[in-house]
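Asker: Let me see the structure of the following:
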Amino acid sequence: MTAKALPAPPSAAVIALNRMGFGPRPGDIGDFVALGGTDGERIEAYVVQQLNPAGINDSACKARISAAGFTTLNKSQAQLWQDHVEADVSGSERMRPFFEIERLAFLRAVHSKRQLVEVLADFWHSHFNVYGYEYWIGPLWTYWDRDVIRAHLLGNFREMLGAVAASPCMLYYLDNYTNTNAGPNENWARELFELHTLGAENYLGVKRQVDVPVDGTGIPVGYVDDDVFEATRCFTGWTFDFDTGLFEYRSDYHDHFQKTVLGSYLPPNQAALADGQDVLDAVAFHPGTARHIARKLCRRFISDHPPQNVVDAAAAVFEAGHSDPD
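Answerer: Next up is the predicted model:
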């Protein structure tokens, strides 16, 4: 007997479920088809649905999470540090937050109906890469995933960038906890420009800041090494307390002299944290950042080589909404 060939699933369903999620599960294609009468209607409805995760009933996934017996998911940042660093625990117990979030990520990717949230969590974890299996980072991995990445993944980019910059996980991973006026460390500042915001595509090399062309609004079109060096000075004194695992600003470690970053003059003796916050504003609101991140998002959700007009449209939306706190 010849087996009856099964009909091919609608291409729009496969594309949407693979691009905005981790692939169709049993029942997903049928649910997608029921969203509208045409592929266009279905895709639009699916996007709207996924952009409102709170409106998606995810009780079955939550039940699985509850049954898994995780113990660190509701611990605060301070409690994680006290329980898994300060307490006299084994190495495996110290790293329990990392191991639990690692397993939780797979559980959610497979079972959660809020697939866009899971894809974006994966995207931003990659964008703001931190090595979780690190002695001083693993104990805080629940906080990093919950309070830094997931709390901002559908929100404001500038707020997310601020949470990243002040996180002990990033401060340790990119060495800014050692960045002082007596011994500057540029690792964080360089990655902030090169990876997290403007990207290598907007790096103009070693030319002087005054020689960088400006756009129609007077903003330098890209950054040079001197912008990185000046930004390094702006983040001196940003560290964390090894007794509590919380962010700490050390005024005595900060370079209080004037600086210039991306064409903006920062006066001497600004208020605590102001220099660093000014840099975060400058890079978050720069048009190059919008283009760089829009291109990465388009690559994740459309193709390896997204159309330039689509990237430009996404960058315009990013500039208008995701980088401006107002």
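
Asker: which stretches of the stretch 151-300 of the chain aren't confidently modelled?
Answerer: For the stretch 151-300 of the chain, no stretch has pLDDT under 70.

Asker: where along it do the helices fall?
Answerer: 157-165, 168-173, 187-191, 225-234, 274-284, 287-301 (DSSP state H, counting those that start in this stretch).

Asker: hmm, who's touching the following helix or strand past the last one?
Answerer: I take that to be helix 287-301. Per DSSP states H and E, the first helix or strand lying C-terminal to helix 287-301 is helix 308-317. Helix 308-317 is touched from outside by 287, 290-291, 293-295, 297-298, 302, with contacts defined as C-beta atoms under 8 Å, 6 or more residues apart in numbering. Yep, even glycine has a C-beta here, placed from its N, CA and C like the rest.

Asker: of these, closest to Ser76?
Answerer: Ser76 lies nearest to Ile293 out of the contacts of helix 308-317, by C-beta to C-beta, at 29.6 Å.

Asker: Report whether the expected contact of the closest one with Leu161 is present.
Answerer: No: the pair Ile293 / Leu161 is not scored as a contact, 10.5 Å apart, by C-beta atoms under 8 Å.

Asker: Find the residues that touch each one of these two.
Answerer: With C-beta under 8 Å, 6+ apart as the test, Ile293 and Leu161 both reach Thr197.

Asker: Switch the helices of the stretch 151-300 of the chain over to a markdown table; also include mean neighbour count and distance to Leu35.
Answerer: Formatted as a markdown table, these follow (neighbours: other C-beta atoms under 10 Å; distance: least, C-beta to C-beta, whole Å):
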| stretch | mean neighbour count | distance to Leu35 |
| --- | --- | --- |
| helix 157-165 | 21 | 29 |
| helix 168-173 | 24 | 38 |
| helix 187-191 | 21 | 40 |
| helix 225-234 | 21 | 46 |
| helix 274-284 | 22 | 35 |
| helix 287-301 | 20 | 18 |
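
Asker: Tell me which of those sits nearest to Thr142.
Answerer: helix 168-173 (10.8 Å).

Asker: ok, now how distant is the residue nearest the centre of the chain from Ile149?
Answerer: Among the residues of the chain, the one closest to the centroid is Trp124, at 3.5 Å (C-alpha atoms, centre = their mean). With distances taken as C-beta to C-beta, to the nearest Å, Trp124 is found 5 Å from Ile149.

Asker: and if you look at Asp225?
Answerer: Applying C-beta to C-beta, the value for Asp225 to Ile149 is 30 Å.

Asker: ok, now Val47?
Answerer: 21 Å.

Asker: These two - which one has more neighbours?
Answerer: Applying other C-beta atoms under 10 Å to Val47 and Ile149 shows that Ile149 carries more neighbours, namely 23 against 13.

Asker: so that one makes contact with Phe123?
Answerer: No: the pair Ile149 / Phe123 is not scored as a contact, 9.5 Å apart, by C-beta under 8 Å.

Asker: before we move on, the earlier item: who wins for proximity to Ile137 among the helices of the stretch 151-300 of the chain?
Answerer: Among the helices of the stretch 151-300 of the chain, helix 168-173 sits nearest to Ile137 (C-beta to C-beta), with 4.9 Å.
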